[in-house]
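Asks: Model the following, please.
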Amino acid sequence: MKNIVILISGGGSNMAAIVQAAQQQQWERRFGARVAAVISNKAEAEGLAYAKSQDISTAVLDHKAYASREDFDAALTQVIDGYATPAHQPWVVLAGFMRILTPGFVAHYAGRLVNIHPSLLPAFAGLNTHRRAIEAGCQFAGATVHQVTADLDHGPILAQAAVPVLPSDTPEALAARVLSQEHRIYPQAIANLLSK
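Replies: Below is the predicted model:
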């Protein structure tokens, strides 16, 4: 069995889209894969309640309880690696996990660590992507699923989706349209990886 561990910090809408796709598309039967756990660095993350409602194991590791990023990532690694199986190390899916991961963590999960970013990478890495796209006069914005490397918001691109930037757009309105595309492309990109 390939166990998928999803990391969140908030509402978890991408996590929920992945869980629903895994159920509807029968990932366990097709790929021998399942969403085994959802972990958050914030106890108040709304997505934890959804995961629990789906009988998915949850855990909270408060990054503020650790002296350094390295200490937090070491503790997080220990929890994630608890979902390893004899044949497979866990896949790690970042779904709104608002932490910059250390190079050691990224190296440990190399090839099994994916993220979604709300821009058409390599444009607008980092934060405030929708505001920056509007201010730059972009005609299109979007989302990118990519493998995680030590370089923030870089790494091999697995999927992208574009949406038009409308003259009336606010960052919030654009974000909502991009998010609907994230919910579509993220589960599909993960399914493509699992099928290989």
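Asks: so Thr144, which of the three states?
Replies: Under DSSP: H, G, I helix; E, B strand; the rest coil, the three-state class of Thr144 is strand.
Asks: now Ala161
Replies: Here Ala161 is recorded as strand under three-state DSSP.
Asks: and the spatially closest residue to it that is not a sequence neighbour, what element?
Replies: Excluding its sequence neighbours, the residue lying closest to Ala161 (Cβ to Cβ, 6 or more residues apart in numbering) is Gln181, at 3.8 Å. In this view, the C-beta of every residue, glycine as well, is placed from N, C-alpha and C. According to DSSP states H and E, Gln181 maps onto helix 171-194.
Asks: Now do the strands in this protein.
Replies: Assigned by DSSP state E, the strands in the chain fall at 2-8, 33-40, 57-60, 91-94, 113-117, 140-147, 157-164.
Asks: quick one: the third one to chain centroid distance?
Replies: Chain-centre distance of strand 57-60: 16 Å, with Cα atoms, centre = their mean, to the nearest Å.
Asks: Then the first one?
Replies: Here the centre of mass of C-alpha atoms in strand 2-8, compared against the chain's by Cα atoms, centre = their mean, lies 9 Å away.
Asks: That one: which residues count as buried?
Replies: When neighbours are counted by 16 or more other Cβ atoms under 10 Å, the buried residues of strand 2-8 are found to be 2-8.
Asks: can I get those in TSV with pLDDT and distance to Ser53?
Replies: Formatted as TSV, the buried residues of strand 2-8 follow (pLDDT from 0 to 100; distance: Cβ to Cβ, whole Å):
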residue	pLDDT	distance to Ser53
Lys2	96	23
Asn3	98	19
Ile4	98	18
Val5	98	18
Ile6	98	15
Leu7	98	18
Ile8	98	14
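Asks: and of these, the nearest to Ala75?
Replies: Taking Cβ to Cβ as the measure, Ala75 sits nearest to Leu7 out of the buried residues of strand 2-8, at 12.8 Å.
Asks: partners of that closest one in the sheet?
Replies: For Leu7, the beta-bridge partners are Ile39, Leu94 (DSSP bridges).
Asks: Isn't it up against Val93?
Replies: Yes. Applying Cβ atoms under 8 Å as the test, Leu7 and Val93 come out as touching, 7.1 Å apart.
Asks: on that earlier part again, return the member of the buried residues of strand 2-8 nearest to Tyr66.
Replies: Of all the buried residues of strand 2-8, Tyr66 sits closest to Leu7, with 15.2 Å by Cβ to Cβ.
Asks: Quick check: the gap between the closest one and Val163.
Replies: 25 Å (Cβ to Cβ, to the nearest Å).
Asks: How about Gly111?
Replies: As for Gly111, its distance to Val163 is 29 Å (criterion: Cβ to Cβ).
Asks: Look at those two and report which has more neighbours.
Replies: When neighbours are counted by other Cβ atoms under 10 Å, Gly111 and Val163 differ, and Val163 comes out ahead with 18 against 11.
Asks: Many thanks, we can stop here.
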